[in-house]
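In: Give me the fold of what follows.
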Amino acid sequence: MNDAVDQQTYLSERLTASGWHIARTIALGIAAAGLAVFGEECLARARPIFPLIDQNYGLWQLAYAGVLLVMALVWAAAVLQKINLYQNCLQHMRQQRQLDELRQRRVLKAQQAKEAREAERRARDEQRKAAAPPRFQSRGISSSKFDY
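Out: Residues are numbered from 1 along each chain as shown. This next block holds a predicted model:
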């Protein structure tokens, strides 16, 4: 029974950790989106200062948008992975509960069967005692060898 409690504790801790991972990943994505807008603004402000950016501003913007798109896809994959891990933990917890219930039912059935066998054995013993002739019982009187 201790193993089942340990398993339930482990799974609940894992579920909590997965929830926090999802929350942190989403928070990092939101922070990255805010920084992406800030980066686009910084790129636009740097255009007049750096002639290399000014000459190929469209290419720089396209490259920046491409990098952002790749990062967004990686972020989405990370969120999906964390969500799958969370769902996996939930499924394992449900399965563990079902296994624990099944084990408890089996133990209960075994105890009931054992009690039934014990009751049946006691009943048979009582029937044997009732059917057997009474044994000779001494009455506490000392007898001699020639008592008939």
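
In: Now the worst-scoring helix or strand of the chain on mean pLDDT: buried residues?
Out: The helix or strand of the chain with the poorest confidence is helix 51-55; it has a mean of 77 (mean pLDDT, DSSP states H and E). By neighbour count with 16 or more other CB atoms under 10 Å, helix 51-55 contains the buried residues Ile53. Every C-beta, even on glycine, is put in place using the N, C-alpha and C of the backbone.

In: ok, Glu126 to Lys114 distance?
Out: Using CB to CB, to the nearest Å, Glu126 is found at 19 Å from Lys114.

In: Mind listing residues that contact the least confident helix or strand of the chain?
Out: Identification of contacts with helix 51-55 by CB atoms under 8 Å, 6 or more residues apart in numbering yields 43, 46-48, 60.

In: can we see that at 7 Å?
Out: 46-48, 60 (CB atoms under 7 Å, 6 or more residues apart in numbering).

In: Just the buried ones among those, please.
Out: By 16+ other CB under 10 Å, those give 47, 60 as buried.

In: farthest-separated two in the contacts of helix 51-55?
Out: Taking CB to CB as the measure, the contacts of helix 51-55 span a maximum distance of 13.2 Å, between Pro48 and Trp60.

In: What are the boundaries of the helices in this structure?
Out: 2-46, 51-55, 57-131 (DSSP state H).

In: any weak-confidence spans in this protein?
Out: Scanning the chain for pLDDT under 70 picks out the ranges 1-2, 4, 133-148.

In: do that again at 80, thanks
Out: 1-5, 47, 50-54, 130-148 (pLDDT under 80).

In: Just put the contacts of helix 51-55 in JSON lines and tack on distance to Ala77.
Out: Formatted as JSON lines, those follow (distance: CB to CB, whole Å):
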{"residue": "Ala46", "distance to Ala77": "31"}
{"residue": "Arg47", "distance to Ala77": "33"}
{"residue": "Pro48", "distance to Ala77": "37"}
{"residue": "Trp60", "distance to Ala77": "26"}
